[in-house]
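Visitor: Let's see this in three dimensions:
(2 chains)
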Amino acid sequence: MPTRTLDVTVSKEGELAVVALTGDLDSRTAPVVQEHVGRALAEHRLLALDLSNLRYMSSAGLRVMLLSYRQAQCASGQMAVVGLSEELRMLMSAVGFLNFFTVAEDLGKAAELLTETP
Amino acid sequence: MDELTLLVVEGPEENAAAETHELTRALAECGNRPVLSSGPEVLAGAHDALEPDLLLLHASLTAKEVALFGQKWQHLRTPPGVLLFCGPDHIPLDAHLDHEMDFLVPPFTPTLVRNRLERGHQRRRLARTAAELDPYPSLSLLQHDRDLKIGRQIQQGFLPPELPCPDGWEVATGFEPAREVSGDFYDGFFMAGGRRAAFLVADVCDKGIGAALFMALVRTLLRFSAQNLWAGGALAPFLLPTQQVFLSSPSIGALPLLSTVHGANRYLTANHLQQAYFVTLFFCVTDPDSGRLLYINAGHNPPVLLRASGGHRLLRTTGPAVGLWPDAVFTIASVTLGPSDTLFLYTDGVTEARNAERELFGLPRLVRLLSGMSGAGAGDMVGRTLAEVQAHTGRAPQSDDITMLALRRSR
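Guide: So this is what the prediction gives:
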């Protein structure tokens, strides 16, 4: 069985906490992402989930996104998703995610979108 | 006795190599093909592709290693039996005495070894039956394996033993669970005093016991609402979204369909928001006489409608997944199945099945496959699709549930 792996890096871009994912996001790797997102939201109000280097995402990944979104909401924070592939965008659209996620092309745009809204 | 696949694992002790060699030779002499290995090799997964009947482990391996190796093949339909062996001094066996293991001690003559193997093999078959009967899995099972089993029992306990099959229709299902428990399910039941038949296929996000429990909850909510809202319709107005407007008077089945999906969404978002589970589903209510089918596709993979005259249509989403947000709007759409038309419902376990090269089975391939057998019966269609998906996957592990439901109007 090919082992699925995911690298998570957390960085800061101005006011924005950036959680960047490289590899496969599935039920095995999802808890790690959740942990990082939780920690990032404890310190920052604005969060960007950078999926530019994501190779694969299962429904567990969608659940992590939803959970992160709700965590951000609870903490009066805001979240954006950055670097969606066409495939991922279609998946998110079909499941009904695009309607309530802020989607940005890059981190700069994400910061703009998240700070301009009152 | 048939030839057995044997994995012989050497221990770290000084004499272990010689003792292992001696046993291996005896095993070969009584007509087996033993595979020789060492503890680190097994741990590193060097033999993961092997399906051993029996593990022969040197007793100088630790009890923990022995337990780990025993767990490694638990996913097989019949997991291997475990025999410990040692040299003439028997001392390393002491460490394992509390674990009710089977032993093989020298002299390793072909006759004695053959006899012990046979007994080990029988014992293993017995153990398998006992494990299937035992509602409390033994403590030696890793927590994870026990969780898998519990989750699977929950999931499969909520699949209906049979589906309604109106006169002049064929209904067939296929369900192939992944090793890791997921939250797929299908359901079917009569509504409106038998005048309508409802079918649905759903997929709860993520995996594990949580997903299985959520599946049980969603299935119950949907089935209960759909069957009971109908009776008097008294509750229905309360569950309907206020912004929902019918352009003409709603047809039979439309109201309970909409109320059910909407009610489930409202319930889940009111009570289970923090768990962030959601479910994609395709839910349809059919009029068996006219072939008219009302449906809601809540974020689910598009079912394929195959026309008898050739051609197909994909029934795309009419609303978001259920459980995402409280004020979601779901729309009802309708199609009519003519004689010999088929509607094929499935979950992403079909289209996202991957082979060893990680290539997806994919929707285009599914559509091509189904189009090529539009004359086939519902059962055939499900069976052949499953076979094609499994042929595509090959030896790669099945990572998600494969769930299918075919609905064919035969006249």
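Visitor: Is the residue of the stretch 51-200 of chain B found nearest chain A in a helix, a strand, or coil?
Guide: Nearest to chain A, among the residues of the stretch 51-200 of chain B, is B:Glu180, at 6.9 Å (Cβ to the nearest Cβ). Quick note: C-beta positions are derived from backbone N, CA and C, even for glycine. Here B:Glu180 is coil, with the state taken from DSSP: H, G, I helix; E, B strand; the rest coil.
Visitor: Let me see the contact set for it.
Guide: A:27, B:148, B:207-208, B:399 (Cβ atoms under 8 Å, 6 or more residues apart in numbering or on different chains).
Visitor: the helices in chain A, which residues?
Guide: Assigned by DSSP state H, the helices in chain A fall at A:30-43, A:59-74, A:86-95, A:107-116.
Visitor: Beyond the helix or strand harbouring B:Gln71, next helix or strand please.
Guide: Assessed by DSSP states H and E, B:Gln71 sits inside helix B:63-72. Heading C-terminal from helix B:63-72, the first helix or strand you meet, by DSSP H and E, is strand B:81-85.
Visitor: partners of that following strand, with directions?
Guide: Applying DSSP bridges, strand B:81-85 is found paired with strand B:54-58 (parallel), strand B:102-104 (parallel).
Visitor: quick one: contacts of the first one?
Guide: Contacts of strand B:54-58 with the rest of the structure, by Cβ under 8 Å, 6+ apart, involve B:4-11, B:13, B:16, B:19-20, B:23, B:27, B:34, B:65-66, B:69-70, B:73, B:80-86, B:92, B:104, B:117, B:120-121, B:124.
Visitor: for the record, mean pLDDT for it?
Guide: Across strand B:54-58, the average pLDDT comes to 89.
Visitor: Same question for the last one.
Guide: pLDDT averaged over strand B:102-104 equals 79, rounded to a whole number.
Visitor: chain center to it, what's the gap?
Guide: Averaged C-alpha coordinates place strand B:102-104 at 35 Å from its chain's average position (Cα atoms, centre = their mean, to the nearest Å).
Visitor: any idea how far the helix or strand B:Val389 falls within is from the chain center?
Guide: Assessed by DSSP H and E, B:Val389 sits inside helix B:378-393. Centre-to-centre, helix B:378-393 and its host chain are 15 Å apart (Cα atoms, centre = their mean).
Visitor: Check which helices and strands that helix sits against.
Guide: Under the contact criterion of 3 or more Cβ pairs under 8 Å, 6 or more residues apart in numbering or on different chains; DSSP states H and E, helix B:378-393 touches strand B:169-176, strand B:342-346, helix B:363-371, strand B:402-409.
Visitor: burial measure for B:Phe278, as a count.
Guide: 30 (other Cβ atoms under 10 Å in any protein chain shown).
Visitor: For it, grab phi and psi.
Guide: Dihedral pair for B:Phe278: phi -150, psi 170, per degrees, to the nearest 10.
Visitor: B:His144 too?
Guide: With angles defined as degrees, to the nearest 10, B:His144 sits at phi -60, psi -50.
Visitor: Looking at the contacts of B:Glu180, spot the one nearest A:Thr102.
Guide: Proximity of the contacts of B:Glu180 to A:Thr102, judged by Cβ to Cβ, is greatest for A:Ser27, which lies at 25.4 Å.
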